[in-house]
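below: sequence and its predicted model.
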Amino acid sequence: MSLKDKLNRYMCEKAGMAALLSSSRERIMDNNIFDIIQDTVIIAGKEVESTAKRLSDKAKLAYEIRTRESYLNELYKELGKEYYTTHRDDEDEDFEEIETLLKELKDLRGRQQSL
């Protein structure tokens, strides 16, 4: 107990106000506890907000990356189709695997149509 607290207690007791001192102390302690709780809640809220924003930003970036990768794959696909169409009759090009897959797809589609 600090010297100031001791002096206040002594003065209150002398004046017959010990009960008042006790209730004042409890109110002060309660206010301090509520202030501490309030500060803790505010800090926790800000941390949650910060974490949520960071996660949201990460999700947005991941979506942007996936979107651009998907578009890039479509461009590659179109480029490959164009190259194949342009060069499929070239003697120095080997499109055997593509030709085999195209033939298999044609056969499968024919079987599907007959069902």
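Nice, I can see it.

may I ask which helix or strand encompasses residue 65?
helix 18-87 (DSSP states H and E).

relative to residue 32, how far out is the most centrally placed residue in the chain?
By Cα atoms, centre = their mean, the chain has its centre lying nearest to residue 55, at 1.7 Å. Distance check for residue 55 against residue 32: by Cβ to Cβ, to the nearest Å, it reads 34 Å. For glycine as for every other residue, the C-beta is placed from the backbone atoms N, C-alpha and C.

also residue 77?
67 Å.

can you give the distance from the helix holding residue 65 to the centre of its chain?
Here helix 18-87 shows a centroid-to-chain-centroid distance of 5 Å under the convention Cα atoms, centre = their mean, to the nearest Å.

quick one: buried residues of the next helix or strand after that helix?
Next helix or strand after helix 18-87 toward the C-terminus (DSSP H and E): helix 96-114. Within helix 96-114, no residue is scored as buried using 16 or more other Cβ atoms under 10 Å.

contacting residues around helix 96-114?
Identification of contacts with helix 96-114 by Cβ atoms under 8 Å, 6 or more residues apart in numbering yields residue 84.

what about residue 60, neighbour count?
10 (other Cβ atoms under 10 Å).

over to the one 4 residues further on?
Residue 64 has 10 neighbours, counted by other Cβ under 10 Å.

repeat that for the one 4 residues further on.
Counted with other Cβ under 10 Å, the neighbours of residue 68 add up to 10.

got a list of what residue 91 touches?
Contacts of residue 91 (Cβ under 8 Å, 6+ apart): none.

look up how far residue 99 lies from it.
14 Å.

can you check residue 111 too?
19 Å.

try residue 83
On the measure of Cβ to Cβ, residue 83 and residue 99 end up 14 Å apart.
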